[in-house]
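Visitor: Dropping a prediction and its sequence here:
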Amino acid sequence: MFPKSGFRIGKILGIEIAINASWLVIFILVSITFGSIFKNPIDIFPELDSYLHVHPIPSGPWVWIAGFLTALVFFACLLLHEVSHSFVGKRNGVPINRITLFLFGGVAEMGEDVKDPVTELKMAVAGPFATFIISGAFYGFYRLAKTIKAGGILVVPFLYLSLVNLAIGIFNLLPGFPLDGGRILRAFLWKATGNLEKATKIGSFCGQVVALFLIGGGVYSVLIDNVAGGFWLVIIGFFLYRLAQISYRQTVFRLASEGITASDLITVRLPEIDAETPLTPLRDYYFAWYKVPAFPVYRGGEPIGFVFRDDLRRVAGSEWDLLNAGRLSRPLQSIEFVETTTALDQLLRRTLKGARLFGILEGGRIIAVLSSDDILKFMDSRIRSARRR
């Protein structure tokens, strides 16, 4: 649900700004929507009827150009919303790696999680506060444009940007996580209970309830022939519902992995297998006793590779007495290496990227081998334990 990639477009306040490919889709749709509104603005703003008779919006391609430019300004407003979150976060010691614009707005990628409810509250409030200021500024531009008798090509976009930012600010204050209002709710619950997991669970539930109301409102709008508006409400509702679920799982995941390193996953330290070790004792005394997928193989005190249980099973009977651990071993590059101090979340990220085995290093020696299954099982038990607390 969250964007994983994007192309960099610059920096604001030292924070990298990127655009995900999905943003281009929504940008085109928003541009077309704005252009359609500006083509018949009286349908939306009947109070401007007399003004637009005197100062009309030019016909032809101008409404679509205005729609395109207004969409650019609109997404700049969304970006400022995210920048305000990030600015307050950085001021309170939360590192922000980058902000990515994607399908439904923007998301800030934090280098580490918020550590206390007060910082969470400050960051959550900052976004809607900035959006309301932007809304007020565009309303001021609208009033000024009318005062100086500017053309409808300026007056209508200014008014629309004022109203749409006001709507976004109010929408973000709905008490459902991960909306800003949900984060404010979570901050208060976190402060009151001292339990982030419980606070997030309640906030996530509220987020799903808000999402269901949006979906219901969207369906109703479609039934009364407001197809476009209803369609957007349904899409946003489904997106918010899924996001509320994922955000809670991410919080539980983070709490379960917090402070855990690779050393905490090690249940037994492996012996170093000499390269001349025959296959029979390798099978009967090592793989039989140590339930691991591979052992490090050494020659002259230096590691040369790994011998795998699966490779041992595939050795033909005629070769059993000819091979040894050294001849059967795979190169050291067959698995990835991490230190005992490597955080669990880093192991999980590398697992999700396709890593299957990890050699655990301590003082330059390979002391254990962990599989991705070992890591995921450990994580699953931690999550279940966190949910029971």
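Guide: Okay, I see it. Numbers count the residues shown, from 1 in each chain.

Visitor: Can you give me the buried ones in the helix or strand where residue 380 lies?
Guide: Per DSSP states H and E, residue 380 falls inside helix 372-388. In terms of neighbour count (16 or more other Cβ atoms under 10 Å), helix 372-388 has its buried residues at 372, 374, 375, 378, 379, 382, 383, 386. In short, each C-beta sits where N, CA and C put it, glycine included.

Visitor: need the helices for the protein, in chain order.
Guide: Secondary structure of the chain by DSSP state H: the helices cover 21-39, 49-54, 62-91, 117-147, 152-172, 180-193, 196-223, 227-257, 279-281, 309-313, 325-328, 344-352, 372-388.

Visitor: and those as a markdown table, adding distance to residue 365?
Guide: Conversion of the helices of the chain to a markdown table gives the following (distance: least, Cβ to Cβ, whole Å):
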| stretch | distance to residue 365 |
| --- | --- |
| helix 21-39 | 45 |
| helix 49-54 | 79 |
| helix 62-91 | 40 |
| helix 117-147 | 41 |
| helix 152-172 | 52 |
| helix 180-193 | 42 |
| helix 196-223 | 37 |
| helix 227-257 | 25 |
| helix 279-281 | 22 |
| helix 309-313 | 21 |
| helix 325-328 | 17 |
| helix 344-352 | 19 |
| helix 372-388 | 19 |
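
Visitor: hey, least reliable of these by pLDDT?
Guide: Mean pLDDT across the helices of the chain is lowest at helix 372-388; the value there is a mean of 76.

Visitor: Against which helices or strands is that helix packed?
Guide: Here helix 372-388 touches helix 227-257, helix 344-352, going by 3 or more Cβ pairs under 8 Å, 6 or more residues apart in numbering; DSSP states H and E.

Visitor: So which of those is nearest residue 182?
Guide: Proximity to residue 182 (Cβ to Cβ) singles out helix 227-257 among the helices and strands packed on helix 372-388, at 7.7 Å.

Visitor: Does residue 197 touch residue 254 like I think?
Guide: No. Taking contact to mean Cβ atoms under 8 Å, the distance of 9.7 Å between residue 197 and residue 254 leaves them out of contact.

Visitor: outside of the helix holding residue 380, which residues touch it?
Guide: For helix 372-388, contacts defined as Cβ atoms under 8 Å, 6 or more residues apart in numbering pick out 197, 252-253, 255-257, 260, 265, 344, 347-348, 351, 355-358.

Visitor: Compute the inter-axis angle for it and helix 227-257.
Guide: For helix 372-388 against helix 227-257, the angle by axes from the mean of the first three to the mean of the last three Cα atoms, to 10 degrees is 100 degrees.

Visitor: Go ahead and measure how far helix 372-388 is from the middle of the chain.
Guide: Distance of helix 372-388 from its chain centroid, counting by Cα atoms, centre = their mean, to the nearest Å, is 21 Å.

Visitor: now do stretch 59-66
Guide: With Cα atoms, centre = their mean as the basis, the distance from the averaged C-alpha position of stretch 59-66 to the chain average is 37 Å.

Visitor: what's residue 305 in contact with, if anything?
Guide: The neighbourhood of residue 305, defined by Cβ under 8 Å, 6+ apart, consists of 296, 297, 326, 329, 330, 331, 332, 334.

Visitor: How about residue 368?
Guide: Residue 368 touches 266, 268, 269, 270, 292, 359, 360, counting by Cβ under 8 Å, 6+ apart.

Visitor: and of the buried residues of helix 372-388, the nearest to residue 234?
Guide: Relative to residue 234, the closest of these is residue 383; by Cβ to Cβ it sits at 31.5 Å.

Visitor: on that earlier part again, looking at the contacts of residue 368, state which has the most neighbours.
Guide: The member of the contacts of residue 368 that has the most neighbours, counting by other Cβ atoms under 10 Å, is residue 360 with 23 neighbours.

Visitor: Double-check that residue against residue 264; I have them as touching.
Guide: No. Counting by Cβ under 8 Å, residue 264 is not a contact partner of residue 360; they are 10.9 Å apart.

Visitor: Residue 27 - how many residues pack around it?
Guide: Here the count is done by other Cβ under 10 Å, and residue 27 has 18 residues near it.

Visitor: what residues are up against it?
Guide: Taking Cβ under 8 Å, 6+ apart as the contact definition, residue 27 lies against 71, 75.

Visitor: Kindly report the same for the one 3 residues further on.
Guide: Contacts for residue 30 (Cβ under 8 Å, 6+ apart) come out as 71, 74, 75.
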